[in-house]
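**Student:** Have a look at this prediction, sequence included:
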Amino acid sequence: MKIVICEDDAQQRKFLQSTIVHSSLFQYNDIEIALIASNPSEVFAYIQEHRADCFLLDIELQHEINGLELANTIRSKDPFATIIFITTHADKLRLTFTYKVAALDFIVKNKPDLAENLIDTLHVAYQKHQNIHTQQIERAFQVKIGEHIKIIPFDDIYCFSTSPNAHKIELKEKSGVYEFFSNLTDIEQQLDNRFFRCHRGYIVNLQHIHKIDSTYRTITMKNGSICNYSFRYKKALMNALTLHQTLSLNSASPGK
């Protein structure tokens with residue numbers, strides 16, 4: 001779990017960092033503080049190129065953008081991100097309803113049990129992080145559309161194909177078609193066994209294949225999309241399709 005801290009008070013930043021680093025949280029190998037920022041601009045720059053799982057944000061930032069506005073931007077880019085607000089004034093917390101930002105928790109700075117509350121909340125955030133990765137992220141594809149990240153369930157995806165536009169990929173799913181910068185090799189690593197690379201220019205979702213034409217070596221998807229498959233992949237394609245259908249029948253059988 002990657003944690004980002006945004007706090008404009010240097011002493012508070014040091015306290016937050018020290019509390020997290022010296023807590024039991026660091027018994028987990030996959031927890032790290034990815035960024036400690038003093039203003040929202042640093043966080044904006046970070047999330048343009050990187051993804052974090054948990055954001056610890058001061059509401060009263062001495063900046064033209066406050067913590068709530070920063071949280072709105074984070075949430076628009078990543079709906080799965082965990083947001084934890086820290087504040088000196090508890091009455092500021094009602095502003096979260098105005099901004100419609102869903103937060104995991106609110107921590108008040110001047111309470112004596114601040115460190116304990118912080119670590120307890122981050123433990124909850126870590127459990128949420130683990131659940132997301134086992135139950136959702138593994139079964140969904142994230143695609144960056146402009147400044148936003150769209151989460152598309154694997155079940156909704158028909159196919160990926162290379163775009164006529166250089167270095168771009170087309171993704172066809174139940175809600176539409178999206179084009180984004182990537183390549184099929186990288187995408188292939190993010191998918192599970194319901195997907196098959198049938199051609200250098202196509203990856204298909206086996207559960208959405210409607211028809212295979214061996215004469216023209218084409219695959220018609222349930223949405224009508226036509227994908228080509230290479231002759232050398234024909235046997236592997238048929239085997240993958242048979243295996244997928246067998247697994248699907250077994251999982252649907254009573255008692256499974």
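**Tutor:** Structure's in. What do you need?
**Student:** Pull up the pairing partners for the host helix or strand of Ile83, direction included.
**Tutor:** Per DSSP states H and E, Ile83 falls inside strand 82-87. According to DSSP bridges, strand 82-87 forms sheet pairs with strand 54-58 (parallel), strand 105-108 (parallel).
**Student:** For Lys168, which of the ones you listed is the nearest?
**Tutor:** strand 54-58 (30.0 Å; C-beta to C-beta). In short, each C-beta sits where N, CA and C put it, glycine included.
**Student:** Distance from the strand holding Ile83 to the middle of the chain?
**Tutor:** On the basis of C-alpha atoms, centre = their mean, to the nearest Å, strand 82-87 sits 19 Å off its chain's mean C-alpha point.
**Student:** Please apply the same query to stretch 123-131.
**Tutor:** Counting by C-alpha atoms, centre = their mean, stretch 123-131 is centred 14 Å from the centre of its parent chain.
**Student:** quick revisit: looking at the strands paired with strand 82-87, which is closest to Thr185?
**Tutor:** Thr185 lies closest to strand 54-58 among the strands paired with strand 82-87, at 30.2 Å (C-beta to C-beta).
**Student:** After the closest one, which helix or strand is next?
**Tutor:** Past strand 54-58, the next helix or strand by DSSP H and E is helix 67-77.
**Student:** and the longest helix for the chain?
**Tutor:** What stands out as the longest helix in the chain, according to DSSP state H, is helix 114-135.
**Student:** Partner strands of the very next helix or strand once past that helix and their direction?
**Tutor:** Note on helix 114-135: by DSSP H and E, the next helix or strand toward the C-terminus is strand 140-145. Within its sheet, strand 140-145 is paired with strand 148-153 (antiparallel), according to DSSP bridges.
**Student:** Output the contacting helices and strands for the following helix or strand past the strand it pairs with.
**Tutor:** Downstream of strand 148-153, the first helix or strand assigned by DSSP H and E is strand 157-162. Counting contacts by 3 or more C-beta pairs under 8 Å, 6 or more residues apart in numbering; DSSP states H and E, strand 157-162 packs against strand 168-173, helix 184-188, strand 202-205.
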